[in-house]
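Novice: Requesting a structural model of the entry that follows:
(one chain, ligands or ions: 1)
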Amino acid sequence: MHSPAVSLEQRANIGLLTINNPPVNALSQAVRQGLLETLRKAISDKEIEAIVIQCSGKTFIAGADISEFGKPPMRPYLPDLLKELQNSSKPIVAALFGTVLGGGFETALSCHYRIALTGTKIGLPEVKLGLIPGAGGTQLLPRVCGIETALELITSGKHVTVESPQAKGVANKIIEADLLNHAISFAQQVAFHKPLVATPLLDVKMSASDKIIFDQYRAKLAKRSRGQLAPQRAIDSIENTLSLSFGQGLEKERAYFLECRESSQSGAMRHAFFAEKAAARVTHSPHVKKPKMIEKIAIIGAGTMGGGIAMSFVDSGFPVTLVETTTQNLERGLAGITQRYGKMVKGGRISQVQMNARLNLITTTCDYQDLSEIDLVVEAAFESMDVKRSIFSKLDTVCKPEAIIASNTSYLNIDEIAESTCRANQVLGMHFFSPANIMKLLEIVRCKETDEATLVSAVALAKRIGKISTVVGMCYGFVGNRMYSCYGREANLLLLEGATPSQIDKAMIAWGMAMGPLTVNDMSGIDIAYKARKENPDLPDDPLYFQAANLLVESGRLGQKTKAGFYQYDDFGIQSDDPVALALFRQEALSLEVPQREVSQESIQTRLIYALINEGSKILEEGIAQRSGDIDVIWLNGYGFPRYMGGPMFYADMLGLRSVLSTIQSLYDETGKDWWKPSELLIELAQTGKSFSDV
Ligand code: 3HC
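Specialist: Down below sits the predicted model:
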């Protein structure tokens, strides 16, 4: 039988309201309606003296129902429901567990009492969706936890546990187990406490320094959340608690919330939220397979990448065997890992005990025979086809038959690597981003022969180590680096046309990117992509293609590591445009007859962003990405694309594909370059008035 979203039952003199809306008990219209009706019934029932609100399933309410945003609002509205909770003549106890977030936390704060299981997480993550709390969070939290905590939690959106100092005041009681029975007996104890004090009646907890703290936060967030509306509005709203009554503050908060909700920034961030969830779903899977049990991991190669990958597994409790060719290499690799953990201990991010426990999970070996019990191997060796084929063929002989073998290559053809084994169906790509223990993104590369069980196992494993994964098809550079090479191509061309590196980087930062492309390239080493280009015979045969970078590498300017690349670096590592590099570009432009011109900020932004869109469209057309949202997820999490723009494909959809096509067509007409030829898919979608998200 279909169970209602909210039910009411009586336990002795207590009215028990149970919310049942899997998976996370979001406050959908049905839940709001159900809560309102059952609350009114419980209040009017003479036998009920106090009320408990609990949830079934894995968590208390995790927030408003995000999928309802962007649709016509439906009554009852959450603020109206919460007003009834706050004004209840009978005490209400919220029984908290799991993740009590957003509207769920506002619901809890609107109850008179809160009882929580240890480890319960609370938070107001609305800024992560381009919003501010819209049902009283900015007015309630300063009354319960103080101004500073409210500023910190609301502008960062982070979750904290109920036991943490920042959550002081949230829970009236924290218990280890048996939440419901404790909540009912707690409600019985407080049923006759008078006067009944609702949160809006509490004074705002303020310290002497709180008056200046608002401007400090404004300045801090102007940098940390550059270009974003919601964090600034959150500060305004919290500041209102100092001068306005609860009711007036609430009205202002609602106006800010609606302004944010209607903004393109929030639309983009909500898209990002759902795109990240969808990205982990594997399409084209004829039969849904159960993931294989993966417990023991081996990493081949203890360099920077291999070390970072090892860390991301041990950070989640997996034992890892690190494999190298010599003991010296192993020692160097382990020293690198120890140093990175040491920095985390110094920075207070982990304790010494945690560091030791993580290091203890790492075993080292130079002998492949030690890998016979391993469930999954990630190869992160030197980027050479011969090296990788020889490693895979060795692994194939020593690993147990059901083991999965993955390559972390950034560019090489994994189908060709897989041919060196007798288990091509259990070979795939797991492309981590550097630093692998920090970056959330993982591209999981489906090869020609990869079977579904292998694929879903890798996806499930990615979730267990906290990565945001997307399944992509096999092509040079996969999705991320293939698009990045188009973005970089335009930056390189613009250098020959007369733009300076700092002009290009500043333009892209002004657009919203976390870093400029040429700074990134100098940091990672210009020679890496140079070598990859040399190994790929299929790249455009055009003398201008990455010619600026080629010139630099061929004159020994490899980036920061040689203190010279696109920029020059002084002894403190400060970068500046280098007359030597600029002269190199100018000279080459003259000999290749590239006209010099004044390059505007806008034209830099257009060239780089539209290059991404056109290539993204080709990737979608070829089926290399499963959905346009996957491409966005890759760019948001791997390349510093601003979340409030939603990713390149979402951004294109927002502009409208007709206008996007017309800009790309003009670039094609002006330059005559094949790479600007509009993608067939883009033409088709623009002509039929559709979006990338419709594919
Ligand atoms: N609304 C609608 N659906 C939601 C949701 C929400 N608030 N939160 C999660 N979901 C869905 C997910 O899309 C996913 O659906 P799927 O299975 O179809 O892909 C499913 O619930 C499970 O989510 P996760 O896979 O993320 O489960 P986890 O256990 O890993 O994480 C979570 C659970 C911590 C609750 C995480 O989902 C989360 O952070 N959710 C967002 C919470 C949030 O932002 N709340 C604030 C909303 S805005 C608000 O409340 C405004 C208010 O002030 C008025």
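
Novice: Can you pull the poorly scored residue ranges out of the stretch 1-150 of the chain?
Specialist: 1-2 (pLDDT under 70).

Novice: Can you show me the strands along it?
Specialist: Here the stretch 1-150 of the chain has its strands, by DSSP state E, counting those that start in this stretch, at 6-11, 14-19, 50-55, 92-96, 99-101, 113-117, 121-123.

Novice: same question, the stretch 251-400 of the chain
Specialist: Counting by DSSP E, counting those that start in this stretch, the stretch 251-400 of the chain has strands at residues 297-300, 320-323, 362-365, 376-379.

Novice: Does anything pack onto the third one? Which helices or strands?
Specialist: The contact analysis (3 or more C-beta pairs under 8 Å, 6 or more residues apart in numbering; DSSP states H and E) places strand 362-365 against strand 320-323, helix 327-346. The way it works is simple: take the backbone N, C-alpha and C, and place the C-beta from them, glycine included.

Novice: That one pairs with which strands?
Specialist: strand 320-323 (parallel) (DSSP bridges).

Novice: Residues of the stretch 251-400 of the chain that sit close to the ligand?
Specialist: Residues of the stretch 251-400 of the chain lying near the ligand by C-beta under 6 Å from any ligand atom: Lys277.

Novice: and among the strands of the stretch 251-400 of the chain, the most buried is which?
Specialist: Using mean count of other C-beta atoms under 10 Å, the stretch among the strands of the stretch 251-400 of the chain with the largest mean neighbour count is strand 297-300, at a mean of 27.

Novice: related to what we said a few turns ago, how about JSON lines for the strands of the stretch 251-400 of the chain, with mean pLDDT added?
Specialist: Listed next are the strands of the stretch 251-400 of the chain as JSON lines, based on pLDDT from 0 to 100:
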{"stretch": "strand 297-300", "mean pLDDT": "98"}
{"stretch": "strand 320-323", "mean pLDDT": "98"}
{"stretch": "strand 362-365", "mean pLDDT": "97"}
{"stretch": "strand 376-379", "mean pLDDT": "98"}
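
Novice: Indicate which one of those is closest to Arg533.
Specialist: Closest to Arg533 of the strands of the stretch 251-400 of the chain is strand 376-379 (C-beta to C-beta; 22.1 Å).

Novice: What strands line up against the closest one, and which way round?
Specialist: Strand 376-379 has these strand partners (DSSP bridges): strand 297-300 (parallel), strand 404-407 (parallel).

Novice: Tell me the helix or strand right after the last one.
Specialist: I take that to be strand 404-407. helix 414-418 (DSSP states H and E).

Novice: And this structure, split by domain according to the record?
Specialist: Taking automatic domain parsing as the criterion, the chain consists of the domains 6-261, 297-476, 481-623+626-694.

Novice: Out of the ones you listed, the one nearest Ala278 is which?
Specialist: Evaluated over these, closeness to Ala278 peaks at domain 481-623+626-694, with 5.6 Å, by C-beta to C-beta.

Novice: Report how far apart the opening and closing residues of the closest one are.
Specialist: 24 Å (C-alpha to C-alpha, to the nearest Å).

Novice: now that domain: mean pLDDT?
Specialist: Averaged across domain 481-623+626-694, pLDDT comes to 96.

Novice: again, but for stretch 380-394
Specialist: Rounded mean pLDDT across stretch 380-394 is 93.

Novice: how far does it sit from the chain's center?
Specialist: Centroid separation for stretch 380-394 versus its chain: 31 Å, with C-alpha atoms, centre = their mean, to the nearest Å.

Novice: now stretch 616-625
Specialist: 22 Å.

Novice: Also stretch 644-658?
Specialist: On C-alpha atoms, centre = their mean, the centre of stretch 644-658 falls 18 Å from that of its chain.

Novice: Same question for stretch 118-128.
Specialist: Worked out by C-alpha atoms, centre = their mean, stretch 118-128 lies 16 Å from the chain centre.

Novice: Quick one: check that stretch for contact with the ligand.
Specialist: Yes. Residues of stretch 118-128 contacting the ligand under C-beta under 6 Å from any ligand atom: 125-126.

Novice: For that stretch, measure first residue to last.
Specialist: Using C-alpha to C-alpha, the two ends of stretch 118-128 sit 25 Å apart.

Novice: same thing with stretch 553-571?
Specialist: With C-alpha to C-alpha, one end of stretch 553-571 sits 21 Å from the other.

Novice: contacting residues around it?
Specialist: Residues from elsewhere that reach stretch 553-571 (C-beta atoms under 8 Å, 6 or more residues apart in numbering): 495, 501-502, 518-519, 521-527, 530, 548-549, 552, 573, 575-578, 580-581, 584.

Novice: you'd agree Lys467 is up against Lys440?
Specialist: Yes. Counting by C-beta atoms under 8 Å, Lys467 does reach Lys440; the two are 5.9 Å apart.

Novice: quick one, which of these two is more surrounded?
Specialist: Legend: neighbour count by other C-beta atoms under 10 Å for Lys467 and Lys440, higher for Lys467 (24 against 16).

Novice: nearest residue to that one other than its sequence neighbours?
Specialist: Of all residues not flanking Lys467 in the chain, Leu442 sits nearest, at 4.2 Å (C-beta to C-beta, 6 or more residues apart in numbering).

Novice: And for Val160?
Specialist: Gln166 (4.9 Å).

Novice: try Pro648
Specialist: Closest to Pro648 by C-beta to C-beta, 6+ apart is Leu612, at 4.4 Å.

Novice: counting contacts, what elements does the helix or strand that that neighbour is a member of pack onto?
Specialist: Taking DSSP H and E as the criterion, Leu612 maps to helix 601-621. When contacts are defined as 3+ C-beta pairs under 8 Å, 6+ apart, helix 601-621 packs onto helix 480-497, helix 501-511, helix 628-638, helix 648-655, helix 657-671, helix 680-687.

Novice: Need the winner for burial among those helices.
Specialist: Ranked by mean neighbour count, these are led by helix 628-638 with a mean of 28 (mean count of other C-beta under 10 Å).

Novice: is that one up against the ligand anywhere?
Specialist: No. Judged by C-beta under 6 Å from any ligand atom, helix 628-638 stays clear of the ligand, getting no closer than 12.0 Å.

Novice: In terms of secondary structure, what does that helix contact?
Specialist: On the basis of 3+ C-beta pairs under 8 Å, 6+ apart, helix 628-638 makes packing contacts with helix 264-279, strand 441-446, strand 468-473, helix 480-497, helix 601-621, helix 648-655.

Novice: Now do stretch 291-302: distance from first to last residue.
Specialist: Termini of stretch 291-302 sit 27 Å apart (C-alpha to C-alpha).

Novice: sorry, back to before: could you dump the strands of the stretch 1-150 of the chain to JSON lines with mean neighbour count?
Specialist: Formatted as JSON lines, the strands of the stretch 1-150 of the chain follow (neighbours: other C-beta atoms under 10 Å):
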{"stretch": "strand 6-11", "mean neighbour count": "16"}
{"stretch": "strand 14-19", "mean neighbour count": "23"}
{"stretch": "strand 50-55", "mean neighbour count": "25"}
{"stretch": "strand 92-96", "mean neighbour count": "29"}
{"stretch": "strand 99-101", "mean neighbour count": "25"}
{"stretch": "strand 113-117", "mean neighbour count": "25"}
{"stretch": "strand 121-123", "mean neighbour count": "25"}
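
Novice: Show me the helices in the stretch 451-600 of the chain, by range?
Specialist: With DSSP state H, counting those that start in this stretch applied, the stretch 451-600 of the chain shows helices at 452-464, 480-497, 501-511, 517-524, 526-534, 547-554, 579-591, listed in chain order.

Novice: Distance-wise, check the residue nearest to Phe585 when sequence neighbours are not counted relative to the ligand.
Specialist: Setting aside the residues directly before and after it, Phe585 is nearest to Leu495 in space (C-beta to C-beta, 6+ apart), at 4.8 Å. According to C-beta to the nearest ligand atom, to the nearest Å, Leu495 stands 42 Å off from the ligand.

Novice: Glu9 now?
Specialist: Counting by C-beta to the nearest ligand atom - Glu9 and the ligand are separated by 26 Å.

Novice: ok, that residue touching Lys41?
Specialist: No. Applying C-beta under 8 Å, one finds Glu9 not in contact with Lys41, separated by 11.0 Å.

Novice: Cheers, nothing more for now.
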